[in-house]
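[1] Kindly return the folded structure for what I paste below:
(chains A and B)
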Amino acid sequence: MSIGTVPMKFRVSIDSEQCMACARCVENCSYGVFRMENGVIRVNPRHCVACHRCLAMCPRDAISIEERPVDYRTHPLWTTEVKEAIFNQARTGKIIVAGMGNALPYPVIFDRLVLDACQVTNPSIDPLREPMELRTYLGKKPSQLDIRTSKDGDVELLSTLVPNLKLDTPIMIGHMSYGAISLNAQTSLAKAVNEIGTFMGTGEGGLHESLYPYQSHMIVQVASGRFGVDINYLERGAAIEIKIGQGAKPGIGGHLPGEKVNQEVSVTRMIPEGSDAISPAPHHDIYSIEDLKQLVRSLKEATEWKKPVFVKIAAVHNSAAIAAGIARSSADAIVIDGFRGGTGAAPRVFRDHVGIPVEAAIASVDAKLRQQGIRNEVSVIASGGIRESADVAKIIALGADAVYIGTAALIALGCRVCGTCNRGVCAWGIATQRPDLVSRLDPEVGSKQVVNLIHGWTDELAELMGAAGINSIESLRGNRDRLRSYMLDEALMTVLDVKSVGA
Amino acid sequence: MNKVEIDARELHYTPLNQQIRKAVSEGANEITVRNIMGQRFIADGLKGNVSLILHGVAGGDLGMFMSGPDITLYGNADHAPGNTMDAGSIVIHGSAGDAVAHSMRGGKVFVRDSIGYRGGIHMKQYLDKRPVLVLGGSASSFLGEYMAGGLILVLRRLPDSMNTERGIGSGIHGGEIIIRGKINDDCLGVGTKKNPCTKEEITRISPFILEFAEKFGIDPAPFLKSEYTRVSPASARPFANKYTWE
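    The predicted structure follows:
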């Protein structure tokens, strides 16, 4: 072969002084890096993906992993990733598929925005002593309320209110399907959202029977493949989400390869074991914004108008206009999934190059809906690349009502973002269906970790709000005056509608 | 037999469906709805063991997500009757629009005449659930596109242009499309193969021919004696060779 081998991605070495040959690394590595030979641990570093399972399980800190010990000559244009993609395609002639989210070093808008705090002229609030309102209602709000006041002063509400979801924190967990992640991972997340009083998405993988006890906190998804969708599934969900697009791969569908469709996955997706689950790029009953309205209404009609219906789109150039159409479709919430959103598998070219950052998309969607006087018609949910509580505060100040987190919740379960979800042998028991690996993730422990994470973020959010003199999340929403841009260009500042630091 | 009559004249689809649901919950097993004028979503998500006899022109998504009821429509249907339907049947005494039986996963849809584009798109099967779409007439292009399971049977009782339509079974990875007579090679979509139906295959589809003939009061004999073409997946994994991992 004229290309030959390429430099190894990771060097794995074992400190023989430290190693006690307990073989926990051999047992834990699902990628086949370690083996025991004559009482000594040997390594094949070519198999390493840096998931760090071995490091985490080694009792003696004997393992070290070095990234790119032998790299190519550095070049700003012809980077390692670019060269290796060319080698790959020169060999195969195929589309490159990869896991996790956008891997290009685009600037992060969140990191160019700073939050405000009170000093002297208006007092900050101490959330330890004063109530902070983080409760969030997702769904349509009436543009006006008709009331009747009786002679004795009682007020009667005449307007009919439509169902909303009540969240105790504006942080939800996004749609990661059973199939993409394991049942123990989904169970961990489901237990966590129930305990916290928030919601999670099922993804397009149906709803496993063992998750029925948590269904009142689950948002069921209807995507273009309609996998796992029947009337019982729709009735089980607290809300229904139509997935039009996904930030990690806008404009294309999804393929769950047959290898991942085991007996249990086949039950919830309602497809034969071992068959490919192919979700087409569009919904074939939605070819226009009018058709979308029809799907929204068909779901409402099927569930007797008792469930909020969300519509998720990928953040793309024209998100604001699309969102304005969605807001008029009877939908109750719009999810905007930014280009940093994660995924089990996406074509690399889409993952890295298609779509826009969620910060810009949310700001423009919120602005467009306000300009048209229909912001109350829908809630706006931001997802894709929300890493910490500061991101939550900033995106809410840019106009979101709530966020979905995905990767962050998986990291709370142990994920190291190694980006090899597609391999199906996740050593952390998250992105795999192999029973021995899945059993590594204890839903009791996992859910506690996710609960801790969301608690921590929620407390931080309350602190940030208190420092800014804000005691209700409602007052933070769209409150761009509490943001300043630090080194963003003027065009982007116009889109975000934020001033510069110092201004 | 508990029969209920509903007049759909000038009735929006939501109150119409509410009346249907109420009748079902009160034990009706035959509901006749008259004067349907294009209301969408009739029997959307409806469950139960009930016959619906509909008179008029049904709007889009007739029987969407439906699980159990049997619908007989005396008139035409707009697009996507049987959309994501789970169980039961829809019998249309007329024609229907695009995306008939879209993502249907169980039950049967019979259309006396012809349908529009993308009929039976992404139909799928699982265990004992095997959706069946039978067309008395013909279908426009992209019949059975992305099909993952079930059966589409096209009887071609009327003069048609099936041999100028395109993309039959494009992306099919499960199930089968059986068309009476011959089909030109250039009508077939990506990833398909076609064969003349064997005797066994014709025996297998004959119960559906008989059921169709009985529902519409026609003589099944010529259809049982005809030759058929079977369009099926060239591969169960049409996209398996398109990708390489990073």
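
[2] need the residues of the stretch 301-450 of chain A near chain B, please.
    For the stretch 301-450 of chain A, the residues in contact with chain B (Cβ under 8 Å from any Cβ of the partner chain) are A:301, A:302, A:303, A:304, A:305, A:347, A:348, A:419, A:422, A:423. Backbone N, C-alpha and C define where each C-beta goes, glycine included.

[3] next one: the one helix or strand the first one maps to to chain centre, how far?
    In the assignment (DSSP states H and E), residue A:301 maps to helix A:289-302. Mean C-alpha position of helix A:289-302 versus that of the full chain (Cα atoms, centre = their mean, to the nearest Å) differs by 25 Å.

[4] what's the nearest residue to the single nearest residue of the stretch 101-250 of chain A relative to chain B if we skip its chain neighbours?
    Closest approach between the stretch 101-250 of chain A and chain B, counting by Cβ to the nearest Cβ: residue A:226, at 4.0 Å. The shortest distance from residue A:226 to any non-neighbouring residue, by Cβ to Cβ, 6 or more residues apart in numbering or on different chains, is to residue B:103 (4.0 Å).

[5] Could you pull up the contacting residues of the residue of the stretch 101-250 of chain A closest to chain B?
    B:84, B:103, B:105, B:122, B:124 (Cβ atoms under 8 Å, 6 or more residues apart in numbering or on different chains).

[6] again, only this time at 10 Å
    A:204, A:269-270, A:279-280, A:283-285, B:65, B:83-84, B:102-105, B:122, B:124 (Cβ atoms under 10 Å, 6 or more residues apart in numbering or on different chains).

[7] Helices - which of the residues of the stretch 301-450 of chain A next to chain B land there?
    Counted as lying in helices by DSSP state H, out of these, are A:301, A:302, A:348.

[8] which one among these gets closest to residue A:78?
    Residue A:78 has its nearest neighbour among these in residue A:348, at 16.5 Å by Cβ to Cβ.

[9] and residue A:263, how far is that from chain B?
    11 Å (Cβ to the nearest Cβ, to the nearest Å).

[10] From residue A:426, how far out is that residue?
    Separation of residue A:263 from residue A:426 (Cβ to Cβ, to the nearest Å) stands at 19 Å.

[11] Wait, residue A:483 touches residue A:116, no?
    Yes - if you go by Cβ atoms under 10 Å, residue A:483 and residue A:116 touch, sitting 7.2 Å apart.

[12] Give me the common contacts of these two.
    residue A:397.

[13] Looking at the two, which has the bigger crowd around it?
    residue A:483 (21 against 16; other Cβ atoms under 10 Å in any protein chain shown).

[14] Please tell me how far the more buried one sits from residue A:370.
    Distance from residue A:483 to residue A:370, by Cβ to Cβ: 16 Å.

[15] same question, residue B:220
    63 Å.

[16] Likewise for residue B:53?
    Residue B:53 is 49 Å from residue A:370, by Cβ to Cβ.

[17] Then residue A:422?
    The value you get for residue A:422 to residue A:370, if Cβ to Cβ is used, is 40 Å.

[18] In terms of neighbours, single out the busier of these two.
    More neighbours surround residue A:422 than the other of residue A:422 and residue A:370, with 20 against 13 (other Cβ under 10 Å).

[19] Surely that one touches residue B:246?
    Yes - using Cβ under 10 Å, residue A:422 is in contact with residue B:246, at 8.2 Å.

[20] What ranges does chain B have for its helices?
    B:13-25, B:199-216, B:221-225.

[21] out of those, deepest packed?
    helix B:13-25 (a mean of 18; mean count of other Cβ atoms under 10 Å in any protein chain shown).
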